[in-house]
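# Any chance you can model this:
(one chain, ligands or ions: 1)
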Amino acid sequence: MTTLLLTHPACLEHDTGFGHPERADRLRAIDDALSGGTFKGLKREEAPRAELGQIERLHPQAYVKMVHAEIPERDHNWLDPDTVVSPGSWEAALRAAGAIIQAVDQVAAGAVDNAFCAVRPPGHHAEPSHAMGFCLFNNVALGALHARAAHGAKRVAVVDFDVHHGNGTQAAFWTDKDLFYGSTHQMPLFPGTGALSETGVGNIFNAPLAPGDGSEEFRAGFEDRILPALHAFAPDFLLVSAGFDAHLKDPLAQIRLLEPDFAWVTEKLLEAAAKHTGGKLVSSLEGGYDLDALAASTAVHVQVLMSAT
Ligand SMILES: [Zn+2]
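Next up, the predicted model:
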């Protein structure tokens, strides 16, 4: 029994151009950090492509076709002021979504205990019919729908500790009481959603943080709001939107977390998984834009995942 690490070289070929924070070097930094002896026990696999039918469980076919049509033959094409595609973006997006789906398959089958997907483009800002915030397809929401469609999971939870609110995941889950979304994030900050009052059908739990907040407020958000709600929901599958941009050194936000905070939240989520899902947990990379902080934070996250196996 072990932790699965999924990635694919195609995720490096999603080229966002000079100066864009969501860049291929992020995955290179993570790959470096996970190459040491500590991580010898990981089961490593290349992500398959997601099938269009799997993507269309969430994203309407017209939207999927639009994304495909917007992929340029050379250079870049901007879908909005933040979200850019290059010739390699289609393949990268299929592999990113495919990683989560493969991880769900392997964890659900008991072939591994848990999994981390080191992929890009990220996903949690992608709404069913709307690319935004560096995201094309909502990888983690697709994983949740796959757990349900392919593995009979009845109640699926996504917990998101990226510093930005996962408006796309919230939108995807908004009216479905068997899907749970819990998020800590800075407010005010892009994308502007994530207020406490946004509760869906009683299945959405937002715990906004103020600029300058750190470990104490982050942990309180989990202890007071997200974890009690998660335990009450009692999921039979747990997915994690693992963004590391709430780190003190991150250039895109003003939250002051350090590596031990990411270790702590990972432990809490594993505890919830152990209690409710038989340990079934799939985590996927979202943000994190300071390369050193991203690499170190991802390393502690994956180390804690491995310690549960
Ligand atoms: Zn983010």
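
# What score does the residue of the stretch 101-250 of the chain found nearest the ion have for pLDDT?
Across the stretch 101-250 of the chain, the shortest distance to the ion (C-beta to the ion) belongs to His164, at 3.5 Å. Yep, even glycine has a C-beta here, placed from its N, CA and C like the rest. pLDDT, His164: 98.

# List the contacts of it.
Applying C-beta atoms under 8 Å, 6 or more residues apart in numbering to His164 gives the contacts 124-125, 133, 185-186, 189-191, 243, 245, 252-253, 286-287.

# Now do whichever strand or helix holds Val104: which elements does it pack against?
Using DSSP states H and E, Val104 falls within helix 89-108. The contact analysis (3 or more C-beta pairs under 8 Å, 6 or more residues apart in numbering; DSSP states H and E) places helix 89-108 against strand 3-7, helix 52-55, helix 61-70, strand 114-117, helix 139-151, strand 237-242, strand 281-285.

# what's the spacing between it and its chain's center?
Here helix 89-108 is found 12 Å from its chain centre; the criterion is C-alpha atoms, centre = their mean, to the nearest Å.

# Kindly calculate the angle that it makes with strand 281-285.
Relative orientation of helix 89-108 versus strand 281-285 (axes from the mean of the first three to the mean of the last three C-alpha atoms, to 10 degrees): 160 degrees.

# before we move on, the earlier item: where's the residue of the stretch 101-250 of the chain closest to the ion relative to Ala10, distance?
24 Å (C-beta to C-beta, to the nearest Å).

# quick one, what contacts the residue lying closest to Val107 once chain neighbours are set aside?
Nearest-residue entry for Val107: Lys280, 5.0 Å, with adjacent residues in sequence omitted and distances by C-beta to C-beta, 6 or more residues apart in numbering. By C-beta under 8 Å, 6+ apart, Lys280 lies in contact with 107-108, 114, 236-238, 273.

# And Lys280, how far from the ion?
Using C-beta to the ion, to the nearest Å, one obtains 25 Å as the distance from Lys280 to the ion.

# Now do the contacts for the residue of the stretch 201-309 of the chain found nearest the ion.
The stretch 201-309 of the chain approaches the ion most closely through Gly287 (2.8 Å), counting by C-beta to the ion. By C-beta under 8 Å, 6+ apart, the contact set of Gly287 is 22, 122, 134, 162-164, 243-245, 250, 252.

# Go again with 7 Å.
122, 162-164, 243-245 (C-beta atoms under 7 Å, 6 or more residues apart in numbering).

# got it, and Asn139?
96-97, 100, 119, 123, 284.

# Among these, give me the pair with the biggest separation.
Ala97 and Ser284 (9.7 Å; C-beta to C-beta).

# The stretch 151-300 of the chain: helices as residue ranges?
Using DSSP state H, counting those that start in this stretch, the helices of the stretch 151-300 of the chain run over 167-173, 215-221, 227-233, 259-276, 291-307.

# Tell me which of these approaches Gly88 most closely.
So among the helices of the stretch 151-300 of the chain, helix 291-307 is nearest, using C-beta to C-beta, at 20.3 Å.

# Now that closest one: buried residues?
Under the neighbour-count criterion of 16 or more other C-beta atoms under 10 Å, helix 291-307 has 291, 293-306 buried.

# so what does the strand ranked longest in the chain touch, helix or strand wise?
Using DSSP state E to define each element, the chain has its longest strand at strand 179-186. Where contact means 3 or more C-beta pairs under 7 Å, 6 or more residues apart in numbering; DSSP states H and E, strand 179-186 is packed against strand 156-160, helix 167-173, strand 204-209, helix 227-233.

# Let me know which of these is tucked in deepest.
strand 156-160 (a mean of 28; mean count of other C-beta atoms under 10 Å).

# Neighbouring strands of that one in the sheet, and parallel or not?
strand 179-186 (parallel), strand 237-242 (parallel) (DSSP bridges).
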